[in-house]
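Asker: Turn this into a model:
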Amino acid sequence: MELGVVPMFLGTHTPKLDDKGRFFLPAKFRDELAEGLVVTRGQDRCLAIYPMATFVAKTQQMASAPATVRQVRDFQRMLASSASDEVPDKQGRISVPAVLRDYAGLDKDIVVVGAIDRVEVWNPQAWEEYSAAQEASFAELNEEIFPIL
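Answerer: You can find the predicted model right below:
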């Protein structure tokens, strides 16, 4: 990843987990993740995969938050306790630890979704349900989250 260039992950992909809990990263994501990544639990019972540099920047922001606030401690613990740093193998595969596969309900079939600054890994049924539920409010969310500047 070039210095100052922010990775952008887009699209939906459907690789398969092998018997060892590995999957091939989509080819379009491999360059951004080749130097290392962190896979951890995400919200909504999916997994989040961050390029190492992005994860480090996020954790530095979190470290500056006051540890005297319970929600800060809770979030830091949940994120860090399940995080696993990985480096894709020469074929572009990464391993997903069993504890994370269990958390997200992953079996053989998975859905890999680009989510701008991260990659998410979903159970196919959970993704289908989540996506369908969000579709109705997508236009309204856009207006609320990104108002005209």
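Asker: C-alpha from now on. contacts and neighbour counts both.
Answerer: Fine.
Asker: quick check, Y50 in a helix?
Answerer: No: counting by DSSP: H, G, I helix; E, B strand; the rest coil, one finds Y50 to be strand, located in no helix.
Asker: burial of D89, as a residue count?
Answerer: Neighbourhood size, D89 [other C-alpha atoms under 10 Å]: 11.
Asker: How about the one 3 residues further on?
Answerer: The burial count assigned to G92 is 18, neighbours taken as other C-alpha under 10 Å.
Asker: show me what contacts it?
Answerer: F24, L25, A27, R30, A34 (C-alpha atoms under 8 Å, 6 or more residues apart in numbering).
Asker: what's the spacing between the first one and V69?
Answerer: Read that as F24. 39 Å (C-alpha to C-alpha, to the nearest Å).
Asker: picking up where we left off before, and the contacts of G92, which are buried?
Answerer: The neighbour count (16 or more other C-alpha atoms under 10 Å) marks F24, L25, R30, A34 as buried among the contacts of G92.
Asker: Next, the buried residues of stretch 107-121.
Answerer: So stretch 107-121, judged by 16+ other C-alpha under 10 Å, has buried residues I110, V111, V112, V113, G114, D117, R118, V119, E120, V121.
Asker: Off-centre distance for that stretch?
Answerer: Here stretch 107-121 is found 6 Å from its chain centre; the criterion is C-alpha atoms, centre = their mean, to the nearest Å.
Asker: From the opening residue of it to its closing one, how far?
Answerer: 11 Å.
Asker: Run through the chain and note the low-pLDDT ranges.
Answerer: Low-confidence segments of the chain, defined by pLDDT under 70: 1-6, 139, 141-149.
Asker: again, only this time at 80
Answerer: For the chain, applying pLDDT under 80 flags the ranges 1-7, 136-149.
Asker: residue ranges for the helices of this structure, please.
Answerer: Here the chain has its helices, by DSSP state H, at 27-33, 52-63, 70-81, 98-104, 124-135, 138-145.
Asker: Reformat the ones you listed into a markdown table and put distance to G11 next to each item.
Answerer: A markdown table is the format used below for the helices of the chain (distance: least, C-alpha to C-alpha, whole Å):
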| stretch | distance to G11 |
| --- | --- |
| helix 27-33 | 9 |
| helix 52-63 | 19 |
| helix 70-81 | 24 |
| helix 98-104 | 20 |
| helix 124-135 | 13 |
| helix 138-145 | 16 |
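Asker: Noted, bye for now.
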